[in-house]
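Enquirer: Sequence and predicted model, in that order:
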Amino acid sequence: MTGDVAVGVSGDGSGPIIVVGAGLAGLVAAGALVAAGTDVVVVDEGAEPGGRLATRRIGPATLDAGAQFFTVRSARFAAMVDGWRAGGIPVREWAHGFLRGGHVGDGPAAARPGTDGHARHAVDAGMSAIARRLASDLPRGARRPGTRVHAITPSGDGWRVEVEPGRPLDAAAVVCTPPVPRSLALLAAVAQRVPPAVRQLRYEPCIALLAALDAPPAVPAPGGVQFTRGPVSWLADNAAKGVSATPAVTVHASGGWSADHAADGDEEVVDGLLDLVRPWLGAARPVAASLERWRHSRPLESYPERAVRVPGVPPLVLAGDAFGGAKVEGAALSGLAAADVLLGT
Ligand SMILES: Cc1cc2nc3c(=O)[nH]c(=O)nc-3n(C[C@H](O)[C@H](O)[C@H](O)COP(=O)(O)OP(=O)(O)OC[C@H]3O[C@@H](n4cnc5c(N)ncnc54)[C@H](O)[C@@H]3O)c2cc1C
């Protein structure tokens, strides 16, 4: 669905701030800019907000497909999460660490508790509930879901943002939050202005298997396993986690396995991953399965600053989880930093 948004078309640096990406970084940036009285439009190719905060349904089952949980390590993020809770987002502690397995094929008997005392948070309705709530807090007309950006070029003192579907949008400033390789493709006209260390940032792929089961799996409490080597890096029981009303597992293939199988067909990948996790399913059988292929699941390196103002061009800030710290917390703090840069605070 694409909403109608009034956007200046003068090319003179007037118009709203356009935030590319309604993932966590983009939504947090947009919220902070709106709170400061700025006119903002958030453009995302997805029909739903969230990006890698992604929750999927398979029949009655609910499964987190991207981020599985988050930790809170800074006071600034702790205050933000308190605000989420106060605003009705059902964030709660899931565990203080997960089982640690070596190779997935070793099965539950070989896994050891990995508790380290640090709280891992989950969201009752699934992680995408955070994004849905932040998006719904934006003013009416400030969101353009289902709208793909395909080029961002300087135009006078501002920017021209080419979108599909729709007419080009003019912006006084742009906050660009997709994974860096995707942002650079959009910014091809000015990519040479982007600091070389940003241009070199790389990401790991991840193929996620989402499987609804006919019975609970054999994943011991608390319902999450981190594997240190081999083809699978993570396995979660979404019912034990409190997200799904019916048995359902999320399986994350490792970066290496995901890269090796990127060109394989869905059926082959589903069967391959189900075979690998068989020791963890017990008597449960899959009743339906789907895949999520994350080309840029997590940055392999991090740029030291939380947001980068690209020099020598109209106001342009790069943000997202590759800046200043990875994961959910890193993305949220990067969004705040992007707003700070534009507001001069
Ligand atoms: C498999 C997986 C497991 C993870 N597990 C965890 C975990 O357990 N804990 C944790 O803390 N973190 C985890 N993460 C990382 C976490 O999800 C991310 O760090 C965070 O969600 C990134 O947010 P972001 O806003 O920076 O980027 P994104 O969420 O990627 O947002 C970017 C947005 O830009 C949009 N976009 C891209 N290109 C365009 C375009 N051309 N036009 C319009 N829109 C565009 C996308 O649709 C997307 O919505 C995981 C990620 C994955 C994929």
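Expert: All right, it came through fine. Residues are numbered from 1 along each chain as shown.
Enquirer: hey, let's count contacts and neighbours off CA atoms from now on
Expert: Will do.
Enquirer: Quick check: residues of the stretch 151-300 of the chain near the ligand?
Expert: Residues of the stretch 151-300 of the chain found near the ligand (Cα under 6 Å from any ligand atom) are 177-179, 182, 206, 294, 297-298.
Enquirer: So of these, which two are at opposite extremes in space?
Expert: Within those, 177 and 206 form the most distant pair, 19.2 Å apart (Cα to Cα).
Enquirer: which of those two has more neighbours?
Expert: residue 177 (29 against 26; other Cα atoms under 10 Å).
Enquirer: can I assume that one is in contact with residue 20?
Expert: Yes. Assessed by Cα atoms under 8 Å, residue 177 is found in contact with residue 20 at 5.9 Å.
Enquirer: shared neighbours, these two?
Expert: When contacts are counted by Cα atoms under 8 Å, 6 or more residues apart in numbering, the set common to residue 177 and residue 20 consists of residue 26.
Enquirer: how about low-confidence regions in this structure?
Expert: 1-13 (pLDDT under 70).
Enquirer: Show me how it divides into domains.
Expert: Following automatic domain parsing, one finds the domains of the chain at 1-53+127-201+302-345, 55-70+93-123+203-300.
Enquirer: all helices for the stretch 201-345 of the chain, in order.
Expert: Secondary structure of the stretch 201-345 of the chain by DSSP state H, counting those that start in this stretch: the helices cover 238-241, 255-260, 266-277, 327-343.
Enquirer: quick one, which of these is nearest to residue 123?
Expert: Per Cα to Cα, nearest to residue 123 of the helices of the stretch 201-345 of the chain: helix 238-241, 9.1 Å.
Enquirer: Could you list the residues in contact with that closest one?
Expert: 62-64, 94, 122, 221-224, 244-250.
Enquirer: try it again with 10 Å
Expert: 61-64, 68-69, 93-95, 122-124, 126, 210-212, 216-217, 219-224, 244-250 (Cα atoms under 10 Å, 6 or more residues apart in numbering).
Enquirer: how distant is it from the center of its chain?
Expert: Distance, stretch centre to chain centre, for helix 238-241: 20 Å (Cα atoms, centre = their mean, to the nearest Å).
Enquirer: Could you name the helices and strands sitting against the strand or helix carrying residue 182?
Expert: Residue 182 is located in helix 180-186, with elements delineated by DSSP states H and E. Contacts defined by 3 or more Cα pairs under 10 Å, 6 or more residues apart in numbering; DSSP states H and E place helix 180-186 against strand 148-155, strand 173-176, helix 196-199, strand 286-299, strand 316-318.
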